[in-house]
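Participant: here is a sequence together with a model predicted from it:
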Amino acid sequence: MRRLLILCGLTLWALDVFACECIPVISLEEHFKKADIVFYGKVKSINDSQKYGYRDTIYFKMDSLYTDKGGYHPTIEINKVFKGKKYSKPQLDINSIGSLCDVFFQKDSEYVVFGYVDQYEQIQTNICVPTTMVTDKEFLRRIEKMK
């Protein structure tokens, strides 16, 4: 019995914990002001498998077929830009930092993306900003009013 308790204790002590902490919580309007780009578009493709280290990511280790459903490095066809520079390309690639705070994008779904340009001029987003799959047009109307 004692060995079992020690084994359980060591197992619990050794577990990694994965979590995202989004502090401080701010309003949609504040997120809009802070974002470098806010746009509406449709996920056209998922590019995770083309990224270096793809097979070493926690996502791949947990589910090697996750890219059949979606992924973290989408190419999104832009329908409308609410804030930020107009890009000459009709599509943008979203870069993931490879953490559990990344947004999982579903293929062929529409999103409002709150993006931030990193030091490499790549657009990133995460779950701490209101990047949202559009399931009704009310969210789009709210964003439109902030322009």
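Facilitator: Great, that's in hand.
Participant: any idea how far K147 is from I76?
Facilitator: Applying CB to CB, to the nearest Å, the value for K147 to I76 is 19 Å. Yep, even glycine has a C-beta here, placed from its N, CA and C like the rest.
Participant: between the two, which one's more packed in?
Facilitator: I76 (24 against 10; other CB atoms under 10 Å).
Participant: does that one sit in a helix, a strand or a coil?
Facilitator: The three-state label given to I76 by DSSP: H, G, I helix; E, B strand; the rest coil is strand.
Participant: which residues does it contact?
Facilitator: Residues in contact with I76 (CB atoms under 8 Å, 6 or more residues apart in numbering) are F39, G41, K42, V43, K44, Q91, L92, D93, I94, F105, Y111, V113.
Participant: got it, and D56?
Facilitator: Contacts for D56 (CB under 8 Å, 6+ apart) come out as none.
Participant: 32 is where my numbering starts, stick with that
Facilitator: Renumbered: residue one is now 32, and that last one reads D87.
Participant: low-confidence stretches in this structure?
Facilitator: In the prediction, the chain carries residues with pLDDT under 70 at positions 32-50, 83, 85, 119, 129.
Participant: lovely, talk soon.
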